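only geometry, no sequence info:
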């Protein structure tokens, strides 16, 4: 209702109560008008990949921020207060449109197998739903290993969704996840007390998934209009595999040794769970990584990140053992 119309109605009410010959008793009667604009950021937030290593923390963070969540994954998850489980595949156009309808924002952690036409349709559906912000979980590989096989799907997502969504797209580019160590090392640690790698002194800057999720929650709840700068997300410090094994020795309370093998042997080990081109690129990245802190670029200041030891202590079960 227009402010002028409301004002006229209030004035009419006052005249009916207090004739014009009687001064209006402002000292006794006060009317306060509060105009509240609809908050377009107040709708439910869609989280695609809600059971993943980052998505589950995004869901938790949004709930703590007081937002309701539509948790989208191919497998249903147990519902909790403020969370609606939406078992759906983003490849299913009809299911995706029903999930995003009326939402106030969306977090996307997409499967790497999506084609350009799939991404274009997802972008068009988000635009049609009128969502003010989309947060895309990409990868630092887009910058650090541009043109590589591991960066290809992330670059494709950024390009196609960026064209569709424009200034409403916020891109997060985390580096190596700490969880990758659990995926790669848990079996040999559990079975033999070993970590096998070709380059144990190669320095990396792993980040905890919960820290990437925190950046996503901040973007989704800030209410800030675009354009949104691309955020590069790195861990708190440079660590080699040898450094990280020393931390795991302490946290898991068991002896773990580092076994150095050739690059080809490392590729063969990784190829047991990864496509061969990905295994080769991972080993090549370690081969080209710095060996000295003096050769590492400075890390951004002012960002609180989870230390590797704290992440390991919270994830002992991921290594197939329990810390004692």
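In hand now; what should we look at? Being a predicted model, the structure only gives us computed values, none of them experimental.

how about residues contacting stretch 180-194?
With contact meaning C-beta atoms under 8 Å, 6 or more residues apart in numbering, stretch 180-194 is reached by 195-196, 206, 244, 248, 252, 254-259, 270, 273, 315, 318-321. C-beta coordinates here come from the backbone N, C-alpha and C atoms, glycine included.

sorry, that was for stretch 247-267
Outside stretch 247-267, the residues within contact range by C-beta under 8 Å, 6+ apart are 181, 185, 189, 193-200, 239, 241-242, 245, 269, 276, 279-280, 283, 286-287, 308-309, 312-313, 316, 319, 321, 323-324.

and what of stretch 71-89?
With C-beta under 8 Å, 6+ apart as the criterion, stretch 71-89 contacts 44, 46-52, 55, 59, 63, 67-70, 90, 95-96, 98-99.

any idea how far that stretch is from the middle of the chain?
In terms of C-alpha atoms, centre = their mean, to the nearest Å, the centre of stretch 71-89 is set 17 Å apart from its chain centre.

OK, contacts around residue 153?
Shown in contact with residue 153 (C-beta under 8 Å, 6+ apart): 112, 113, 114.

mind running it again at 6 Å?
Residue 153 makes contacts with residue 112, as judged by C-beta atoms under 6 Å, 6 or more residues apart in numbering.

what strand or helix carries it?
helix 149-165 (DSSP states H and E).

chain center to that helix, what's the gap?
16 Å.

name the residues of that helix that are buried.
150-151, 153-158, 160-162, 164-165 (16 or more other C-beta atoms under 10 Å).

ok, stretch 251-267 next?
For stretch 251-267, by 16+ other C-beta under 10 Å, it's 251, 252, 256, 258, 266, 267.

and that stretch, average pLDDT?
Average pLDDT, stretch 251-267: 95.

pull up the distance across it, start to finish.
Using C-alpha to C-alpha, to the nearest Å, one end of stretch 251-267 lies 28 Å from the other.

how far does that stretch sit from its chain's centre?
Using C-alpha atoms, centre = their mean, the offset of stretch 251-267 from its chain centre is 30 Å.
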